[in-house]
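**Q** Dropping the sequence and predicted coords here.
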Amino acid sequence: MIPRISTLLCALAVAGSAHASGFAVVLTNDVEHTRITVADYPGHPDVLLVAWQDVPGVTPASGVMIYSADRSNSETRYFAIGGGGYFALVGGERGRRSRMAHLAFEVVSDDPKHPLVVIADTKQTVDVAALLAQYAAFENIAAPDEARAAIDAAVAARAAQANKACGSQIAAKLQWKTFTTPASVRAAKQARSILEAIEEACHDKDYAAAMRGVRELRVDYQADAGALRLERTGSVLAVRLSETSFNPRETARVWLTSHL
């Protein structure tokens, strides 16, 4: 087996011109051509933006999710909010950041007994604004100028795909009266992420059969509501979004496979 250890010297990538404060680092592994970019999520302590490319055993090959830190033991572990995600990060710095100390993480994905080691590349800077834009695209957050009619159409198109996969007749209904700010209107399009999770669940025939009892996906928004909330009552699957309902696709995937 080819060892998954990069041969480059490593160090913490300190914020450059694109990230003037906070933690930001590019982690690489030359053998596997893996790149993971990590940065503090603005305004949220112990919450990180994590973008990946070409992590062995991980599909999709690239993406961005929001991770949180678990400091319950001697090693800090980072998991995607809502369900763990496609991989976990384990590790931390050796030394002090201010001295450009060496930094390495283990990536735990397909084979926990053989984690992938990634190390910091000081030659690369991190553009947090670009990471936020990538996350928005990955989790179906609408563009600032996207009209409500266009969002409705995009959600309806995704519902049609989910219904085809599930053999269901789910009508996606955005409760527009609850989306009262520009930011919340953009978040409404994340109903597509919920429908993507439903479609994925329906690859299993038992989950598909369960979804055929759902006739309405009712999506609303509440500020300061915390994590994504899902609840099924009869034929209605209700979803509540908020400004911190991170990773709705992953959260919905875990909920569906636990509650259907």
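**A** Good, I have the coordinates. Since the structure is predicted, the reported quantities are computational estimates derived from the model, not experimental observations.
**Q** Which parts of the protein are helices?
**A** 128-138, 148-166, 182-188, 191-201, 205-211, 248-259 (DSSP state H).
**Q** ranking the ones you listed by burial, who's on top?
**A** Among the helices of the chain, ranked by average contacts under mean count of other CB atoms under 10 Å, first place goes to helix 191-201 (a mean of 24). Any C-beta I mention is one placed from the backbone N, CA and C, and that applies to glycine too.
**Q** And it, what does it pack against?
**A** helix 148-166, strand 171-174, helix 205-211, strand 216-221, helix 248-259 (3 or more CB pairs under 8 Å, 6 or more residues apart in numbering; DSSP states H and E).
**Q** Show me the contact partners of the longest one.
**A** By that I understand helix 148-166. Identification of contacts with helix 148-166 by CB atoms under 8 Å, 6 or more residues apart in numbering yields 140, 142, 168-172, 174, 176, 185, 188-189, 191-192, 195-196, 198-199, 202-203, 208, 211-212, 217.
**Q** Report the mean confidence score over that helix.
**A** Across helix 148-166, the average pLDDT comes to 98.
**Q** From the chain's centroid, how far away is that helix?
**A** With CA atoms, centre = their mean, to the nearest Å as the basis, helix 148-166 stands 21 Å off its chain's centre.
**Q** if we can go back for a sec, could you save the helices of the chain as JSON lines and add columns showing distance to Leu228?
**A** Output for these, formatted as JSON lines (distance: least, CB to CB, whole Å):
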{"stretch": "helix 128-138", "distance to Leu228": "15"}
{"stretch": "helix 148-166", "distance to Leu228": "16"}
{"stretch": "helix 182-188", "distance to Leu228": "11"}
{"stretch": "helix 191-201", "distance to Leu228": "8"}
{"stretch": "helix 205-211", "distance to Leu228": "18"}
{"stretch": "helix 248-259", "distance to Leu228": "4"}
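**Q** Of these, give the one that comes closest to Ala88.
**A** Ala88 lies closest, by CB to CB, to one member of the helices of the chain: helix 248-259, at 12.8 Å.
**Q** what about the closest one, distance to the chain center?
**A** The answer for helix 248-259 is 13 Å, by CA atoms, centre = their mean.
**Q** now do stretch 129-136
**A** 11 Å.
**Q** Straight-line length of stretch 117-133, end to end?
**A** Start to finish, the residues bounding stretch 117-133 are 27 Å apart (CA to CA, to the nearest Å).
**Q** So the chain: which segments form each domain?
**A** Domain ranges of the chain: 24-136, 142-259, per automatic domain parsing.
**Q** Where among those domains is average confidence lowest?
**A** Mean pLDDT is lowest for domain 24-136 out of these, coming in at a mean of 87.
**Q** Any idea how far apart the tips of that domain sit?
**A** First residue to last in domain 24-136 (CA to CA) measures 19 Å.
**Q** What residues does the closest residue to Arg253 other than its chain neighbours make contact with?
**A** Nearest residue to Arg253 in three dimensions, chain neighbours excluded: Ala197, at 4.3 Å (CB to CB, 6 or more residues apart in numbering). Taking CB under 8 Å, 6+ apart as the criterion, Ala197 is in contact with Pro248, Arg249, Glu250, Ala252, Arg253, Leu256.
**Q** Kindly provide the distance from Ala197 to Tyr207.
**A** 11 Å (CB to CB, to the nearest Å).
**Q** shared neighbours of these two, which are they?
**A** Leu256.
**Q** for the protein, which strand is longest?
**A** In the chain, taking DSSP state E as the definition, the longest strand is strand 84-94.
**Q** Nearest residue to Leu260 in space, please, no chain neighbours.
**A** That would be Ala210: by CB to CB, 6+ apart, it lies 4.0 Å from Leu260.
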